[in-house]
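Student: sequence and predicted structure are below.
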Amino acid sequence: MPGDLDRYIALCAGAKPRGEMTIAETRAAMRAAMRHQLPYDEPVAVTDAVAHGVPVRLYGEPSGGALLYFHGGRFISGDLETHDLFCRELAGRSGCRVCAVDYRLAPEHPYPAAYEDGLAAADWMWSEADRVAIGGDSAGGALAAALAATGFRWQMLFYPMLDATSNQAVPDGPWPTAADMQRGWQAYAPEYETRPDVSPLFATDYQRFPPTFLVTAEVDPLREENLRFVEWLRAAGVAVEHHDYPGTVHGFALMTGVFAAAREAIRTAAGALRFALAG
């Protein structure tokens, strides 16, 4: 809604421009943005574990179905804490187990570190549940989509980074720009832009993707590549449930205290997840 967008702009007034932040400042800013999240007060069992050497956080009780989830942050920021409330609510509302992956970040750990962590966590998750879906937002959406064709039941993507070569302009404002996305890509995989395990939009066989749930935002430098992905999946015969939210920005699903659409998107995703993992 326009009112939510105006409120977000006001809340960000005076903040240091994203392009001027150091890596450390970028990580601190993403942690600070947790103030925009509303609490989720329903009880959810939470356990930290290690999946073949990769730290993970498990939400919900063990069950036959689970979602392997990768947080966003342009490959350079984000962690289990920034996405904790999101994953709690997703698990609580869906009744499904959610496994959040604390993959290694760039630039300290460039490609293929995050992808390899994803493979290790996926292998572990397949030993823990019979029906496994995969999901992620932003950079985590890139990892999820890159891994999705390896045998997952379903994929859930929130405004995923799918094309390291894209450069879509967006209006000026306190949201990510194409330059911000390119900064993440350059930190993560500067020499591998068109590899499908880096940029899933370059996949050679779209029929290998599982049924897909995909969320797009209106003000987002990834919007055009997300819409192409939806189009090409459908052309390949893949079932796609696409939800577009006007008046929102990239990353809005983590801002339940700002965007009314954020909680709506989580509820919708949770319902779709429950249906996808039903025995």
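Tutor: Arrived safely.

Student: you'd agree E241 is in a helix?
Tutor: No. Applying DSSP: H, G, I helix; E, B strand; the rest coil, one finds E241 to be strand, outside a helix.

Student: which residue packs closest to it, ignoring adjacent ones?
Tutor: F213 (4.7 Å; Cβ to Cβ, 6 or more residues apart in numbering). Glycine gets a C-beta too; all of them are placed from N, C-alpha and C.

Student: tell me the SS of the one you found?
Tutor: strand.

Student: now do the contacts for it.
Tutor: 135, 154-157, 240-241, 243, 269, 272-273, 276 (Cβ atoms under 8 Å, 6 or more residues apart in numbering).

Student: same check, this time on E25
Tutor: Neighbours of E25 in contact, by Cβ under 8 Å, 6+ apart: K16.

Student: how close does it sit to A261?
Tutor: For E25, the distance to A261 (Cβ to Cβ, to the nearest Å) stands at 28 Å.

Student: now the phi/psi pair for the residue lying closest to L157 once chain neighbours are set aside, please.
Tutor: Nearest residue to L157, sequence neighbours excluded (Cβ to Cβ, 6+ apart): G141, at 4.3 Å. The phi/psi pair for G141 (degrees, to the nearest 10) reads phi -70, psi -30.

Student: isn't G141 up against G73?
Tutor: No. Contact between G141 and G73 fails when scored by Cβ atoms under 8 Å: they sit 11.2 Å apart.

Student: any idea how far Q186 lies from P107?
Tutor: Distance of Q186 to P107, given as Cβ to Cβ: 9 Å.

Student: neighbour count winner among those two?
Tutor: Q186 (17 against 14; other Cβ atoms under 10 Å).

Student: mind listing what that one touches?
Tutor: Residues near Q186 by Cβ under 8 Å, 6+ apart: none.

Student: against Y192, how distant is it?
Tutor: Applying Cβ to Cβ, the value for Q186 to Y192 is 11 Å.

Student: with that, I have no additional questions.
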